[in-house]
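Trainee: Okay, predicted coordinates and the sequence, questions at the end:
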Amino acid sequence: MTEKHLYDLSIVVAAAHELGDAEADAVRAGVESAAQGVLGEDGTASASLADRRTILLRLESGHRLGPDAEEAFSLAAQEVVVDALQAGDALRVGRLEPVAEPASPKI
């Protein structure tokens with residue numbers, strides 16, 4: 001069985017206007033799809049909304065992700081925002097953070 005590596009990435013959309021629920025969900029779905037495209041068949045991406053401006057991305061990969069992957073996710077998310085929102089909108093992408101595995105119970 002292949003070891004899986006979990007990562008969290010937060011994306012804050014700095015929109016020039018308040019995003020509506022449908023608009024925020026469309027951006028979330030687009031970011032999730034773009035992240036899945038970056039991961040390919042080797043992993044899975046799931047995105048949720050912390051609020052209308054913050055997308056929390058959970059990534060599971062069959063290999064460790066480094067700075068190049070972080071940049072790829074950032075660029076993919078930027079494309080989604082540019083396509084979905086107005087030209088003056090931008091986003092701030094957090095750091096790709098490995099998720100700590102739960103500690104094994106001591107027997």
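Mentor: Yep, that arrived. Numbers count the residues shown, from 1 in each chain.
Trainee: which strand of the chain spans the most residues?
Mentor: strand 5-14 (DSSP state E).
Trainee: partner residues bridging the residue nearest to residue 98 when sequence neighbours are not counted?
Mentor: Leaving aside its chain neighbours, residue 98 sits nearest to residue 7 (5.7 Å; criterion: CB to CB, 6 or more residues apart in numbering). C-beta coordinates here come from the backbone N, C-alpha and C atoms, glycine included. According to DSSP bridges, the partner residues bridging residue 7 are residue 59, residue 98.
Trainee: returning to what we had before: pull out the buried residues from the helix or strand following the longest strand of the chain.
Mentor: Next along the chain after strand 5-14, taking DSSP states H and E as the criterion, comes helix 21-39. The neighbour-count check on helix 21-39 (16 or more other CB atoms under 10 Å) flags 23-24, 27-28, 30-32, 34-36, 38-39 as buried.
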